[in-house]
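Enquirer: got a predicted structure here, sequence first:
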Amino acid sequence: MKKIYILLLAMLYLFSLVACNGNDDIVPEGEYVLTVEDKYNSLYEPLKKSYKPGETILVKTHLVMDVATIVELNGEKPIKRRTVQDENGHYIYNEYEFVMPQKASVLKIYHNEGMGVGYNVTLNDNYGCVINNVSGMKMAGETYEIHTNIYELDILINGEAFVTNGNYVETGGTGDTVLNNKGEVLYYSWSFEMMSEDMTITVSEH
């Protein structure tokens, strides 16, 4: 009888171990599994195993020199991205923001070697002032131009005033005015250096 009792206790103990080990695989009700594919161990902080639909996922990755780190959720780019600094102004990690969809999802992190670090530019131009292609992926530290068809306007970058007056630019030369063959101004130009974060450029008339 004593042997049977010990055997039952042993089985009960083994059952409890199996049950405890299985808790890691249990997804809380209302959440979906997030599978992370991260070949190079790029994560600065670990992520949860599952998230609720609509929940914000903050993905932090280590900074890597001369390599572009690409982070995608189900093949989609992040809705926000920036490089985070400490109190001394030193860059410490990249941060990407996603929204968890209503399904099990895959977060893929990989590197494109030999590329600079790119960030996205969004243009808000309700008055149609900008005439060149400003939106899209730009490389941090590179200089780009905004070409406009009027001179009196305001430009905001991430909500902060950039410039209120432009420079003329000259076709085929080193001057500051772009002219056509009749001597008429073609456009006005502003130069900006791409930040190490996503940028929203808002252009409006005075």
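Expert: Perfect, thanks for sending it. Residues are numbered from 1 along each chain as shown.

Enquirer: give me the pLDDT value at the spatially most central residue of the chain.
Expert: Centroid check for the chain by C-alpha atoms, centre = their mean gives residue 81 as the closest residue, at 2.5 Å. At residue 81, the predicted lDDT confidence score is 86.

Enquirer: where's it, which helix or strand?
Expert: Under the criterion of DSSP states H and E, residue 81 resides in strand 80-85.

Enquirer: ok, and what's touching that strand?
Expert: 60, 63, 91-97, 117, 119-120, 140, 196-198 (C-beta atoms under 8 Å, 6 or more residues apart in numbering). Every C-beta, even on glycine, is put in place using the N, C-alpha and C of the backbone.

Enquirer: what element comes up after that strand heading to the C-terminus?
Expert: As assigned by DSSP H and E, the chain's next helix or strand after strand 80-85 is strand 91-99.

Enquirer: so which elements touch that next one?
Expert: strand 56-61, strand 67-73, strand 80-85 (3 or more C-beta pairs under 8 Å, 6 or more residues apart in numbering; DSSP states H and E).

Enquirer: now the first one against strand 67-73, angle please.
Expert: When axes from the mean of the first three to the mean of the last three C-alpha atoms, to 10 degrees is applied, the directions of strand 56-61 and strand 67-73 differ by 160 degrees.

Enquirer: and strand 56-61, how far out from the chain middle?
Expert: Averaging C-alpha positions (C-alpha atoms, centre = their mean, to the nearest Å) puts strand 56-61 9 Å from its chain's average.

Enquirer: tell me which residues of it are tucked away?
Expert: 57, 59, 60, 61 (16 or more other C-beta atoms under 10 Å).

Enquirer: quick one: average pLDDT of that strand?
Expert: The model assigns strand 56-61 a mean pLDDT of 96.

Enquirer: hmm, back to that, got a ChimeraX select line for the buried ones in the contacts of strand 80-85?
Expert: Here is the ChimeraX command that selects the buried residues among these (16+ other C-beta under 10 Å):
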select :60,63,93,94,95,96,117,119,120,196,197,198
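
Enquirer: biggest separation within the contacts of strand 80-85, which pair?
Expert: Spatially, the most separated pair among those is 92 and 120, at 20.8 Å (C-beta to C-beta).

Enquirer: do you know how far the closest residue to residue 97 other than its chain neighbours is from residue 149?
Expert: Closest residue to residue 97 apart from its sequence neighbours, by C-beta to C-beta, 6 or more residues apart in numbering: residue 80 at 4.0 Å. Computed as C-beta to C-beta, to the nearest Å, the residue 80 to residue 149 distance reads 30 Å.

Enquirer: same deal with residue 32?
Expert: Distance, residue 32 to residue 149, using C-beta to C-beta: 47 Å.

Enquirer: pick out whichever of the two has more residues nearby.
Expert: residue 32 (17 against 14; other C-beta atoms under 10 Å).
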